[in-house]
Each structure stands twice: as structure tokens, then as C-alpha cells.
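> Build me a model:
(one chain, ligands or ions: 2)
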Amino acid sequence: MEKDRRTIASRVDRLQKEVKQLGEHRSRLRQGRRGQRRLALVGYTNAGKSSLLNALTKPVAGQEALAENKLFATLDPTTRRLDQPNPAGGPPSSVLLTDTVGFIRDLPPPLVEAFRSTLEETLEADQLLIVVDLSDPAWVNQLITVEAILDGLGSTAPRRLVGNQIDRCPAEALEQARLRDPQALFVSATAGLGLERLRDWLFDPGGAVRS
Ligand SMILES: Nc1nc2c(ncn2[C@@H]2O[C@H](COP(=O)(O)OP(=O)(O)OP(=O)(O)O)[C@@H](O)[C@H]2O)c(=O)[nH]1
Ligand SMILES: [Mg+2]
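Ligands and ions are numbered 1, 2, ... in the order given. Take a look at the predicted model:
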């Protein structure tokens, strides 16, 4: 038993070192991205965050963020740059969009700790897009869970509700979402609905796009 105990302790030790190194690596990556507007897609697992990132950034074949009908499909955050051509012919304006790990209700504290370096991306974003699956009858509770976890992490970045999966949601869900965030944006990542408007908003969150 003593031998087992020592083996486990050294494994935990090694994993903790790896998590720490990953955190440092990400922190260096973030340093390199300073000065660019950063947005993070956050939300309950299976809401469609990865699908939305893929739909917005049209990835090179083979480099799609993993989107699956499976809990925790995404374990590692992916960041992509999104460019908008400059009509005046100058350099394009760009924003950085990060796909994050999905949240779940009653996430055990040790798991929150394990995901912390992943969630740091969320904490450093200039703006959060909270993606909800409006076709899931539990979406309101999922949204409440997500908001509570963000609050628990001390996140202060402005939040905007993005109602996804409108291709298969009941009409009342749209109304309900609008009540929760009058500026909510509505999309379907897989059917390609509302993406233009979302894109415009990403580049000009305070500007012309209004609900
Ligand atoms: N019908 C429909 N299905 C969608 C839409 N967006 C995503 N899906 C599906 O929902 C499932 C989950 O999508 P993901 O993009 O993996 O969800 P996620 O939020 O990244 O999930 P995690 O990585 O687990 O947090 C996949 O089967 C998608 O094809 C949509 O707008 N309409
Ligand atoms: Mg995902």
C-alpha cells in the first residue's frame, strides 16, 4: 500500500507540474496577443460553442475545433483570429475569438481547479459571449449555472447572450432570451443563420448593430 501511495503521489505531483507548465505556456501566448480585442465563447457543454467558432472562422480543412454531440467535446481552448477586410483598403481589423471548455452544473471544486488554466482565457477576455442552446428545454437553468460559475471565478468582463440552435428551438425561447438580455443575438451555427449580424457585432460591439 505504501508503494501504491508513493506511486500515486508522484503521479499527482507530475500532473500538477504539467498543469502549471500549461498555464505558463498559455500566459506567454496571451502576452503575444496583447493589444487585440479578445472575445471568449463560454457556455454549458453541448451549447454549440465549437460549432460557432468553426462557422465564424471557416477553418482550414482538418483544423476545425472539435464539435460533437458529446459532453466536454472541447477540453483545450482554441483561439482563432477573425479578420474583417478594411473597406478603405488599409490593413484588416481583427479580433481574437476563443472557444472554451463547457460548463456543467455542480462542477466539483477540484475540477474547477483543474480547468483553471483553461478558464483563465475566459477571465482575460474583453467580452464574453454566453452561448445557450435554445432548443434545450433546460437552457434557462444552464444559463443560470454558467453565470454563477463566471461570478464564482470573479469574471467581470461584459457578457452578451448568444441564443444558438434557432433552427430547431420553439418561438417562445426567443422571447424568453430577449427578456434576459434585450441585446441578445440569435444564431444557428450549423444552419448558418444570424452569423453575418454576429460577425458585425464582434467587430463593433457598441456600434450600429442593435436588436
Ligand atoms: N441543429 C443544430 N445543431 C447544432 C447547432 N449548433 C451546434 N449543434 C450541434 O450540437 C452539438 C454540440 O455542438 P458543439 O459545438 O460540440 O458544442 P460545445 O458547446 O462546443 O460543447 P462542449 O465542447 O462539450 O462544451 C453538435 O452535435 C453540433 O452539431 C445549431 O445551431 N443547430
Ligand atoms: Mg466544444
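
> And the residue nearest to I104 when sequence neighbours are not counted, how close does it get to S94?
Distance criterion C-beta to C-beta, 6 or more residues apart in numbering; nearest residue to I104, sequence neighbours excluded, is T45 at 5.6 Å. For every residue, glycine as well, the C-beta is placed using N, CA and C. Note on T45: its distance to S94, by C-beta to C-beta, to the nearest Å, is 28 Å.

> ok, these two, which is more surrounded?
More neighbours surround T45 than the other of T45 and S94, with 17 against 13 (other C-beta atoms under 10 Å).

> so where's this protein uncertain?
For the chain, the stretches flagged by pLDDT under 70 are 30-34, 59-76, 114, 117, 207-211.

> Which secondary structure state is assigned to L82?
The three-state label given to L82 by DSSP: H, G, I helix; E, B strand; the rest coil is strand.

> Verify the stated contact: P77 with T98.
Yes. Using C-beta atoms under 8 Å, P77 and T98 qualify as a contacting pair, with a distance of 5.3 Å.

> the more surrounded of those two?
Neighbour totals were compared for P77 and T98, and T98 leads with 24 against 21 (other C-beta under 10 Å).

> And that one, which helix or strand is it part of?
Assigning secondary structure by DSSP states H and E places T98 in strand 93-99.

> Show me which residues of that strand are buried.
By 16 or more other C-beta atoms under 10 Å, the buried positions in strand 93-99 come out as 95-99.

> out of the residues you listed, who's nearest G192?
L97 (16.9 Å; C-beta to C-beta).

> Tell me who's in contact with that closest one.
39-41, 53, 56-57, 79-82, 202 (C-beta atoms under 8 Å, 6 or more residues apart in numbering).
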